[in-house]
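Participant: Turn this into a model:
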Amino acid sequence: MAAYQFAGDFAAPPSKHRNKGGDRLCSCGIFRCCFGCCWRIFRCGLGCLCNLVCQIICAVLVIAAIAMLIVWLLFRPSNLEFRAGEASLTEFSLAGNTVRYNLALNVSARNPNSRLEIIYEDIEAVGYYHGQEFASDRLPAFSQEKETTRTITAEFEGQKDVSLGDEARANYEEEKSSGEFPIDVKVQLKIKLKVWLLTSPFSLKPSFDCDLNVPLNSSGKSYQGTDCTFDWRNIDLH
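Facilitator: Okay, the predicted model is just below:
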């Protein structure tokens, strides 16, 4: 019995070649398993971190927006006031479909609010003649303190092709004879409100419209200042 067991044990020695291969396969499998697990853990952690950061940013924006809404409701900001006080028109002529122009316009911008500072991020003035756009000018950004007035200047110079109907052309001839032209200047704003150290996280896009009758400088007539119409527009959350 003992001999049989010894013979059986002797007849089935472990294969060194097979074990070496098995060790290699086992080692590679463990490496791939560990690498895959680490990579999945890293991706999961990175994704969780990104989600956390996004949630924090969204929460801060929402809180800031709610705070500014409360400020808006508490202080009820008054409309900004604009007046086109000075205008100089040295050239305005129509030849065929081409308008040639040279207009300088000084506009006084007043912030009547006692607690709100206005941050002008973008200002674009566009000139229209009988409903046709003929000129534009982008003005520099600035900040305006509470209860202050500041003068901004729009300058239009150049030429542009416009599409005028027969009635508008007939009106032009009459206006040329009188030396005075109806020019509509629309100004689009992009602003933020500031209360103490808190600045609104969103932008407002109000506009104002100056409906002018501007005489040519050579006509000898004087320009009469014009109050502009202010209008609150939409809120830009970007």
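
Participant: who does the helix or strand harbouring residue 183 touch, helix- and strand-wise?
Facilitator: If you go by DSSP states H and E, residue 183 is part of strand 180-195. When contacts are defined as 3 or more CB pairs under 8 Å, 6 or more residues apart in numbering; DSSP states H and E, strand 180-195 sits against helix 16-75, strand 81-95, strand 98-111, strand 117-129, strand 203-204, strand 207-215. Heads up, the C-betas are built off the backbone N, CA and C, glycines and all.

Participant: Go ahead and produce CSV holding the CA coordinates of the third one.
Facilitator: Looking back up the chat, that one is strand 98-111. The C-alpha coordinates for strand 98-111 follow below in CSV (Å, rounded to 0.1, in the frame of the first residue of the first chain):
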residue,chain,number,x,y,z
THR,A,98,-25.2,106.1,-51.4
VAL,A,99,-25.5,108.2,-48.3
ARG,A,100,-22.4,110.2,-47.3
TYR,A,101,-22.4,111.5,-43.7
ASN,A,102,-20.3,113.0,-40.9
LEU,A,103,-22.2,113.3,-37.6
ALA,A,104,-20.8,113.7,-34.1
LEU,A,105,-23.3,113.3,-31.2
ASN,A,106,-22.7,114.0,-27.5
VAL,A,107,-25.1,112.2,-25.2
SER,A,108,-25.3,112.8,-21.5
ALA,A,109,-25.9,109.6,-19.5
ARG,A,110,-27.2,110.1,-16.0
ASN,A,111,-27.5,107.4,-13.3
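
Participant: Report the angle between it and strand 180-195.
Facilitator: On the basis of axes from the mean of the first three to the mean of the last three CA atoms, to 10 degrees, strand 98-111 is oriented at 40 degrees to strand 180-195.

Participant: Taking strand 207-215 as reference, get the angle to strand 98-111.
Facilitator: Using the same axes, to 10 degrees: strand 98-111 against strand 207-215 is 130 degrees.

Participant: Next, give phi and psi for the closest residue to residue 168 other than its chain neighbours.
Facilitator: Counting by CB to CB, 6 or more residues apart in numbering, residue 130 is the residue found nearest to residue 168 once chain neighbours are left out, at 4.1 Å. Here is the backbone geometry of residue 130 (degrees, to the nearest 10): phi 50, psi 40.

Participant: what domains does the record give for the chain?
Facilitator: Domains of the chain are assigned by automatic domain parsing as 19-76, 81-236.

Participant: Packed most tightly, which of the ones you listed would that be?
Facilitator: Stretch with highest mean neighbour count among the domains of the chain: domain 81-236 (a mean of 16; mean count of other CB atoms under 10 Å).

Participant: quick one: that one to chain centroid distance?
Facilitator: 20 Å (CA atoms, centre = their mean, to the nearest Å).

Participant: which stretches of this protein have low pLDDT?
Facilitator: Within the chain, the segments meeting pLDDT under 70 span 1-47, 49, 64, 67-76, 233-238.

Participant: show me the contacts for residue 141.
Facilitator: Shown in contact with residue 141 (CB atoms under 8 Å, 6 or more residues apart in numbering): 119, 120, 121, 122, 123.

Participant: Isn't the second one up against residue 111?
Facilitator: Right, the one you point to is residue 120. No: look at residue 120 against residue 111 with CB atoms under 8 Å: they stay out of range, at 10.1 Å.
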